[in-house]
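> Sequence and predicted structure below; questions after.
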Amino acid sequence: MATKRGIVLMNLGSPDSTRVKDVRRYLNEFLMDERVIDIPYLGRLLLVKGIIVPFRAPKSAHAYSTIWTKEGSPLMVLSKQLQVALQKQVTEPVALAMRYGAPAPWTAYDELLEKVPDLEEVVLVPLYPHYAMSSYETAVEYAKSAHVKGKYTFKLTIVPPYYDNQLYLDALADSMRPYLQQPYDHFLFSYHGVPERHILKGDITGNHCLKVNNCCEVSSEAHKYCYRHQCLVTTKKVAEMLQIPTQKYSFSFQSRLGRDPWLQPYTAQRLEELPKEGVKKLLVACPAFVSDCLETLEEIAEQGKESFMKAGGESFTMIPCLNVHPMWVKAIASWVKDI
Ligand SMILES: C=CC1=C(C)c2cc3[nH]c(cc4nc(cc5[nH]c(cc1n2)c(C)c5CCC(=O)O)C(CCC(=O)O)=C4C)c(C)c3C=C
Ligand SMILES: [Fe+2]
Ligand SMILES: [Fe+2]
């Protein structure tokens, strides 16, 4: 007899609306996560509630208002569309959960149990291709704690990071290929950044990450949890599949928050430098995100484009995220089947 299974897709979550009070609530939950702002509780409370959120909430609310749709935030809308598209490919019920805000993982579990009361296994698909303490790990730990706290009897199985999985890479390359038909000088792969401190913390060897020359390129067990290594692998593999010459592509990190050093180079800085280096026609993709969101639609496609053009760029083309690309939907269906 086949195992009675359900699937949960898990993404980050968005505020309920673009009102400052909803954005404030969302940012407080997000930034009070000890895997995001990883300092002791009291310091985190003072920093987040006393400094970051009061200043950031009105600015973020405005940014969200520039991308918000009639149905809600793009991240929520596109995650729901992915749920619907996957449901058409699999017989198991598919539910959606978010790390911050609604729907919570227990809501997703209950929804699956309503459809399959004798559920034996739930396969959790984190909608993050790369391992980071502040994205993949916090989502997985939250889903696991909801599983334990709710005393659910089904087994919880987790899809590992898929940054180098051929099905993910094939879908990504296919989604980018049409954009390479147009003339371009450079292809920038921009990934969400993380503080360097997070990379050091995640180094299970204690002496590799950001310590050894070309740390992400020389073999190490540390790569299992190294976000930078995983972003580099995705970049190199996709560039190779698309036959982009080495000198015509690069990768960078966006969305820095605060003054601590984050992974470099910073996308915002590269977008101002590239035109001065002779890059006039730019293609940009953001493979750390599988669904378009604030960080792709506003930070890159709006703000990033503006600063590139002001610095002397002539054309800026943003390649959409995988969203509901048929090969991406099939990739998820195949992982769930084979896990
Ligand atoms: C792709 C994976 C992500 C990592 C890694 C990540 C790390 C990280 N993020 C912040 C702070 C913010 N991120 C914000 C938005 C945001 N972040 C991700 C993904 C990752 N974050 C997504 C998909 C989104 C978009 C959400 C949406 O509703 O569209 C925000 C909120 C918006 C803003 O004010 O800019 C913050 C804040 C930190 C500090 C961090 C690592 C430590
Ligand atoms: Fe983020
Ligand atoms: Fe590394």
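Cool, the structure landed. Numbers count the residues shown, from 1 in each chain. Ligands and ions are numbered 1, 2, ... in the order given.
> Report the contact partners of Pro287.
Contact analysis of Pro287 by Cβ atoms under 8 Å, 6 or more residues apart in numbering lists Pro129, Leu172, Phe189, Tyr191, Cys231, Thr234, Thr235, Val238, Cys321. (Glycine included, C-beta is placed from N, CA and C.)
> Please enumerate the helices of this structure.
Along the chain, the segments classed as helices by DSSP state H run 20-31, 41-45, 53-65, 74-87, 105-115, 138-149, 166-176, 196-201, 227-241, 267-273, 294-297, 305-310, 326-338.
> Switch these over to CSV; also include mean pLDDT and distance to ligand 1.
Compiled in CSV, these are given as follows (pLDDT from 0 to 100; distance: least, Cβ to the nearest ligand atom, whole Å):
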stretch, mean pLDDT, distance to ligand 1
helix 20-31, 98, 6
helix 41-45, 98, 11
helix 53-65, 98, 4
helix 74-87, 98, 4
helix 105-115, 98, 17
helix 138-149, 98, 9
helix 166-176, 98, 14
helix 196-201, 97, 6
helix 227-241, 98, 7
helix 267-273, 98, 13
helix 294-297, 98, 4
helix 305-310, 98, 16
helix 326-338, 97, 16
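> Just send these back as JSON lines, with distance to ligand 3 too.
What follows is those, written out as JSON lines (distance: least, Cβ to the ion, whole Å):
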{"stretch": "helix 20-31", "distance to ligand 3": "25"}
{"stretch": "helix 41-45", "distance to ligand 3": "26"}
{"stretch": "helix 53-65", "distance to ligand 3": "29"}
{"stretch": "helix 74-87", "distance to ligand 3": "27"}
{"stretch": "helix 105-115", "distance to ligand 3": "30"}
{"stretch": "helix 138-149", "distance to ligand 3": "20"}
{"stretch": "helix 166-176", "distance to ligand 3": "19"}
{"stretch": "helix 196-201", "distance to ligand 3": "7"}
{"stretch": "helix 227-241", "distance to ligand 3": "4"}
{"stretch": "helix 267-273", "distance to ligand 3": "19"}
{"stretch": "helix 294-297", "distance to ligand 3": "22"}
{"stretch": "helix 305-310", "distance to ligand 3": "28"}
{"stretch": "helix 326-338", "distance to ligand 3": "24"}
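> follow-up on the earlier one: from the contacts of Pro287, which is closest to Arg56?
Tyr191 (21.1 Å; Cβ to Cβ).
> Quick check: that closest one vs ligand 3, distance?
13 Å (Cβ to the ion, to the nearest Å).
> residues contacting that residue?
Tyr191 neighbours (Cβ under 8 Å, 6+ apart): His130, Cys231, Phe251, Ser252, Phe253, Gln254, Leu263, Cys286, Pro287, Ala288.
> can we see that at 6 Å?
Cys231, Phe253, Ala288 (Cβ atoms under 6 Å, 6 or more residues apart in numbering).
> and the second one, how many neighbours?
Neighbouring residues of Phe253 were enumerated by other Cβ atoms under 10 Å; the total is 22.
> Pipe the contacts of Tyr191 into TSV and attach distance to Met327 per row.
TSV is the format used below for the contacts of Tyr191 (distance: Cβ to Cβ, whole Å):
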residue	distance to Met327
Cys231	21
Phe253	26
Ala288	18
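> picking up where we left off before, from the contacts of Pro287, which is closest to Lys49?
Nearest member of the contacts of Pro287 to Lys49, counting by Cβ to Cβ, is Tyr191, at 28.5 Å.
> For the residue of the stretch 151-300 of the chain found nearest ligand 1, give its distance to ligand 3.
Ligand 1 sits closest to Cys293 of the stretch 151-300 of the chain, with a gap of 3.1 Å, by Cβ to the nearest ligand atom. Distance of Cys293 to ligand 3, given as Cβ to the ion: 25 Å.
> Excluding sequence neighbours, find me the nearest residue to that residue.
With sequence-adjacent residues excluded and distances taken as Cβ to Cβ, 6 or more residues apart in numbering, Cys293 is closest to Leu75, at 4.0 Å.
> which residues sit in contact with that neighbour?
Counting by Cβ under 6 Å, 6+ apart, Leu75 makes contact with Ser14, Ser291, Cys293.
> Reformat the helices of the chain as a markdown table; add distance to Pro93.
Listed next are those as a markdown table, based on distance: least, Cβ to Cβ, whole Å:
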| stretch | distance to Pro93 |
| --- | --- |
| helix 20-31 | 27 |
| helix 41-45 | 37 |
| helix 53-65 | 31 |
| helix 74-87 | 7 |
| helix 105-115 | 4 |
| helix 138-149 | 16 |
| helix 166-176 | 22 |
| helix 196-201 | 35 |
| helix 227-241 | 30 |
| helix 267-273 | 38 |
| helix 294-297 | 29 |
| helix 305-310 | 40 |
| helix 326-338 | 12 |
